[in-house]
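**Q** turn this into a model:
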Amino acid sequence: MSNNLISIIIPCYNQAQYLPETLQSVLNQTYKNWECVIVNDGSPDNTEEIATKWQNKDSRFIYLKKENGGLADARNYGIKASKGKYILPLDSDDLIATTYIEKAIKILDENDNIGVVYSKANFFGNRKGKWKIPKHSIKRSLLFNTIFCSAVFRHSDFAKTNGYNTNMLYGYEDWDFWLSLFETGAIVYRIDEPLFLYRIHSKSMVRSFNLEKLTFLHSQLINNHLELYQKHFSNPFLMVRYFKFREGMTGSALKRIFYLFKKFDIEIYLFYLKIKLYHYLIS
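**A** Predicted coordinates for the structure are as follows:
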């Protein structure tokens, strides 16, 4: 394996209580040639105190501070200031297993055609267990975010995109960015073991989403990547209605929808009709 530098980008806003545990998971990595760029996105808590302490502990931790601009803007800011060949975004409340970086870089070093590497994942915090993310395909990724925010990719591929899109006002900026990478031809590889831990707590961003925000985000996602949606679906504009319908479904119904999609993987308008029929039958 080569010894290429990887830059771990950690945006921070009002989650200082979790930051030490996240930084410890970085420090514990078996792969040692890393820099960790901590971006204080105008956080009102004691993020600066904690980040400075870790920077003094190990010079590989780099502390940056900026005015609040949101998660997408903070990630872009940190990546542009970084020096690594590879990039790993990491939220300030999540954790990575000790071998995650080592295994991801090995795959990227040995396969120039692969552009995104991630792994299976588990929940921790208020919820524990496996995170059952739908298996990745380009078409499936247009309907579901099949990759969590902390996948590893090349800095050079990031430069081919416009970065994380700040018009994703309420979230899903990682989903939007993966679609941007797919548009450059990036191929995805999943490590077949859980090396990422996603924290569930009462302030998780997705918990604050309402139907209006979700409809906005899904509409924005389609507008940002309209050519990609048109390439894979005959009528992508139906997807706005599909997304709105899906988000209004109950959890048990969503499980059935996931099953239908995994089994048939058909055009969105046919899939939408199946969902409407199912909703009619259970109503």
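
**Q** quick one, grab the pLDDT at Leu273.
**A** Per-residue confidence at Leu273 stands at 52 (pLDDT).

**Q** residues contacting Leu228?
**A** Ile138, Leu142, Leu179, Phe182, Glu183 (C-beta atoms under 8 Å, 6 or more residues apart in numbering). Heads up, the C-betas are built off the backbone N, CA and C, glycines and all.

**Q** could you do Pro44 as well?
**A** Asn14.

**Q** what's the answer for the one 10 residues further on, then?
**A** Listed by C-beta under 8 Å, 6+ apart, the contact partners of Trp54 are Pro20, Leu23, Ile38, Phe61.

**Q** adding distance to Cys149, write the residues you listed out as JSON lines.
**A** As requested, the contacts of Trp54 are arranged in JSON lines below (distance: C-beta to C-beta, whole Å):
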{"residue": "Pro20", "distance to Cys149": "20"}
{"residue": "Leu23", "distance to Cys149": "17"}
{"residue": "Ile38", "distance to Cys149": "16"}
{"residue": "Phe61", "distance to Cys149": "20"}
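
**Q** quick one: which of the residues you listed is nearest to Tyr198?
**A** Distance to Tyr198, by C-beta to C-beta, is smallest for Leu23 among those, at 16.8 Å.

**Q** okay, the nearest residue to that closest one once chain neighbours are set aside and Ser141: tell me how far apart.
**A** Nearest non-adjacent residue to Leu23, counting by C-beta to C-beta, 6 or more residues apart in numbering: Trp54, 5.1 Å away. Here the criterion is C-beta to C-beta, to the nearest Å. By it, Trp54 lies 34 Å from Ser141.

**Q** for the stretch 101-250 of the chain, what spans make up the helices?
**A** Under the criterion DSSP state H, counting those that start in this stretch, helices of the stretch 101-250 of the chain are mapped to 138-141, 155-158, 173-183, 211-224, 226-232, 238-247.

**Q** which of the ones you listed sits most buried?
**A** Stretch with highest mean neighbour count among the helices of the stretch 101-250 of the chain: helix 173-183 (a mean of 21; mean count of other C-beta atoms under 10 Å).

**Q** how about it as PDB, C-alpha atoms only?
**A** Taking C-alpha atoms only, helix 173-183 is exported to PDB below (Å, rounded to 0.1, in the frame of the first residue of the first chain):
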ATOM      1  CA  GLU A 173     -26.200  17.700   0.600                       C
ATOM      2  CA  ASP A 174     -24.300  14.400   0.800                       C
ATOM      3  CA  TRP A 175     -26.800  12.700  -1.500                       C
ATOM      4  CA  ASP A 176     -26.600  15.500  -3.900                       C
ATOM      5  CA  PHE A 177     -22.800  15.400  -3.900                       C
ATOM      6  CA  TRP A 178     -22.700  11.600  -4.600                       C
ATOM      7  CA  LEU A 179     -24.900  12.300  -7.700                       C
ATOM      8  CA  SER A 180     -22.400  14.900  -8.800                       C
ATOM      9  CA  LEU A 181     -19.600  12.400  -8.500                       C
ATOM     10  CA  PHE A 182     -21.600   9.800 -10.500                       C
ATOM     11  CA  GLU A 183     -22.000  12.400 -13.200                       C
END
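
**Q** which residues touch it?
**A** Contacts for helix 173-183 (C-beta under 8 Å, 6+ apart): 71-72, 75, 89, 115-116, 138, 141-142, 145, 147-149, 151, 153, 157, 161-166, 168, 220-221, 224-225, 227-228.

**Q** pLDDT score for Lys203?
**A** Lys203 is given a pLDDT of 58.
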